[in-house]
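Q: need coordinates for the following:
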Amino acid sequence: LTLGEILALLRRPNLVNMDARTVLSCLPIGAAALGGTTGFGATGFGAAVTASVGCPDPAAWQPLIAARSWLTGRKSHYALATRSVPLDSVVGWRRHPDQIRHDSGRYFSIIGVDVRASNREVSSWRQPLLAPHGLGLVALLLRRINGVVHVLAHADLRPGYRDTVELGPTVQCTPGNFTSLPRDRWPRYLDLILSGAGQVHYDTHQSEEGGRFHHAVTRHMLVEVGEDFPLDSPPDYTWLTIGQLMALVTASYQVNIEARSLLLC
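A: Model (predicted):
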């Protein structure tokens, strides 16, 4: 397949898997190459995206070295400690005959599967899978700054990261887990993404990795806000050009899987 064909397939749900999206997001694509690919053009949003890929530091909201310094600062700002605990000490979770699930029915279940396959290293095996409850959401807010598309990236802290914090999308969550909470307890910018206030450039469901997750699907969104949207952001957020995000992908433990998937989209 050509890269243009793969980019076209990304407009349809559940065709390009997570591993392929992650690897392809690492391609060092120059601005000149985008002129002939599906979804890009010489005018309008396509031109602003192309300019963002090849944007030199003086035209960006901040130089790349400042972005790297900001991310290093966010990594050092947090100290995270984790420990293993017995399953029977975890409040609100129950073991049932065929799964482990939360009493509320939210979040996820751990299920066991017995697999038979004709095209793998072994013909059969058993394993656990994490089965999410609800549709996930990953979204990047976009804003043009001096005619150049910038993305609002989030310094995302999660207990499984090797380096505590990685650069993630503006929003990364399962919205259904927050519907019973007041909006001031929702993840930041989630209400804006769901409100339909911005211009949606991409909105497609994509599958997550199938070897660990059972029917895990995430809604991928790219939403552009107007120039009246403030450039000032909370400490854990910053504006980057697409080219700067691509540069950060080239270093280990800097950009998470969800942000890389959106970068390709």
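
Q: checking residue 244 next. Helix, strand or coil?
A: Following DSSP: H, G, I helix; E, B strand; the rest coil, we place residue 244 in the helix state.

Q: which ones are touching it?
A: 55, 60, 64, 67 (Cβ atoms under 8 Å, 6 or more residues apart in numbering). Bear in mind the C-beta positions are built from the backbone N, C-alpha and C, glycine included.

Q: pLDDT wise, what is it at?
A: pLDDT recorded at residue 244 is 95.

Q: same question for the one 5 residues further on.
A: Per-residue pLDDT puts residue 249 at 94.

Q: now it. Nearest residue, chain neighbours left out?
A: Nearest non-adjacent residue to residue 249, counting by Cβ to Cβ, 6 or more residues apart in numbering: residue 255, 4.9 Å away.

Q: likewise for residue 110?
A: Counting by Cβ to Cβ, 6+ apart, residue 110 lies nearest to residue 100, which is 4.3 Å off, once chain neighbours are set aside.

Q: those strands in the stretch 101-250 of the chain, which residues are they?
A: 108-116, 124-132, 136-145, 148-157, 165-168, 171-173, 199-207, 217-225, 237-241 (DSSP state E, counting those that start in this stretch).

Q: JSON lines for the ones you listed, including mean pLDDT and mean neighbour count?
A: What follows is the strands of the stretch 101-250 of the chain, written out as JSON lines (pLDDT from 0 to 100; neighbours: other Cβ atoms under 10 Å):
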{"stretch": "strand 108-116", "mean pLDDT": "96", "mean neighbour count": "13"}
{"stretch": "strand 124-132", "mean pLDDT": "96", "mean neighbour count": "14"}
{"stretch": "strand 136-145", "mean pLDDT": "97", "mean neighbour count": "23"}
{"stretch": "strand 148-157", "mean pLDDT": "96", "mean neighbour count": "23"}
{"stretch": "strand 165-168", "mean pLDDT": "96", "mean neighbour count": "24"}
{"stretch": "strand 171-173", "mean pLDDT": "97", "mean neighbour count": "21"}
{"stretch": "strand 199-207", "mean pLDDT": "96", "mean neighbour count": "16"}
{"stretch": "strand 217-225", "mean pLDDT": "97", "mean neighbour count": "20"}
{"stretch": "strand 237-241", "mean pLDDT": "97", "mean neighbour count": "22"}
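
Q: would you reformat those as JSON lines and include distance to residue 24?
A: Converted to JSON lines, these look like this (distance: least, Cβ to Cβ, whole Å):
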{"stretch": "strand 108-116", "distance to residue 24": "27"}
{"stretch": "strand 124-132", "distance to residue 24": "24"}
{"stretch": "strand 136-145", "distance to residue 24": "16"}
{"stretch": "strand 148-157", "distance to residue 24": "18"}
{"stretch": "strand 165-168", "distance to residue 24": "18"}
{"stretch": "strand 171-173", "distance to residue 24": "20"}
{"stretch": "strand 199-207", "distance to residue 24": "13"}
{"stretch": "strand 217-225", "distance to residue 24": "14"}
{"stretch": "strand 237-241", "distance to residue 24": "19"}
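
Q: regarding this structure, what is its longest helix?
A: Longest helix in the chain, counting residues (DSSP state H): helix 64-77.

Q: average pLDDT for that helix, rounded please.
A: On average, helix 64-77 scores 95.

Q: what comes up buried for that helix?
A: 64, 67, 70, 71, 74, 75 (16 or more other Cβ atoms under 10 Å).

Q: which secondary structure elements does it contact?
A: Where contact means 3 or more Cβ pairs under 8 Å, 6 or more residues apart in numbering; DSSP states H and E, helix 64-77 is packed against strand 148-157, strand 165-168, strand 237-241, helix 242-249.

Q: residue 106: what's it in contact with?
A: Neighbouring residues of residue 106 by Cβ under 8 Å, 6+ apart: 133, 134, 176, 177.

Q: count the residues that sit near the first one.
A: With neighbours defined by other Cβ atoms under 10 Å, the count for residue 133 comes to 15.

Q: surely it meets residue 108?
A: Yes. Residue 133 lies in contact with residue 108 (Cβ atoms under 8 Å); the separation is 5.7 Å.

Q: follow-up on the earlier one: tell me the one of the contacts of residue 106 nearest residue 262?
A: Taking Cβ to Cβ as the measure, residue 262 lies nearest residue 134 of those, at 19.3 Å.

Q: nothing else from me, thank you.
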